[in-house]
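Engineer: Need the 3D shape of this:
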Amino acid sequence: MRNLQFAGRTLAMIGAYMSALILGTMVILMVLEMFLRGLFSSSIHIVEDLVGYGTAAVLFLSLAYTFISSGHIRVNIILEKLNSSGQRLLEIICTLATSFVVILITWYSARKMLLNFERNVTSTGMYEIPLWIPGAVIVAGLLMLLIVLLIHLFACITGSAAIVSHEQHLQGE
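Structural biologist: The predicted structure is shown next:
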């Protein structure tokens, strides 16, 4: 189980590092764009498109890391009132429900990405970016979250140390 949890944490960290790299690149592009516009009255023209796609990439690639680091918003008012077996049962139910929703969103996003690939759909900006590329990043981020959720669910069901502990949630860590 420890190897599985390590794999889940590693996968989440990869997504977080990719998000940080994309975010840093976005900042550099925006500063460069401001510099070019201010000093040379020129533009790169693609920055707005790239920053838009980058924002989506950062959001989706960081979902798994946000989950394992307890960075998501969670209402603990019910969880605090339950004993440990009740907390575990509620955690299993909530993780199952969340996994189901993530599976549906991932399925729809993957179908849309493949359709964009098959039809060679591109953005409408000055530079025609194939829309399957940002779609693939969204699907990758959702798959990372789904894998981490399933590892967490397995750990909760087997009674192993969960990838995210109840104590972390209750203490706000």
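
Engineer: Tell me the buried residues in stretch 107-120?
Structural biologist: In terms of neighbour count (16 or more other CB atoms under 10 Å), stretch 107-120 has its buried residues at S109, A110, K112, M113, N116. C-beta coordinates here come from the backbone N, C-alpha and C atoms, glycine included.

Engineer: whoops, stretch 10-29 was the one
Structural biologist: Buried-residue list, stretch 10-29, by 16+ other CB under 10 Å: L11, A12, G15, A16, M18, S19, I22, L23, M26, L29.

Engineer: residue ranges of the strands in this protein, please?
Structural biologist: Counting by DSSP state E, the chain forms no strands at all.

Engineer: other SSEs contacting the longest helix along the chain?
Structural biologist: In the chain, assigned by DSSP state H, the helix with the most residues is helix 2-40. Helix 2-40 is packed against helix 47-61, helix 63-68, helix 132-158, with contacts defined by 3 or more CB pairs under 8 Å, 6 or more residues apart in numbering; DSSP states H and E.

Engineer: Show me the one of the ones you listed that comes nearest I93.
Structural biologist: For the helices and strands packed on helix 2-40, the distance to I93 is smallest for helix 132-158, at 9.7 Å, taking CB to CB.

Engineer: Report the angle between that closest one and helix 2-40.
Structural biologist: 150 degrees (axes from the mean of the first three to the mean of the last three CA atoms, to 10 degrees).
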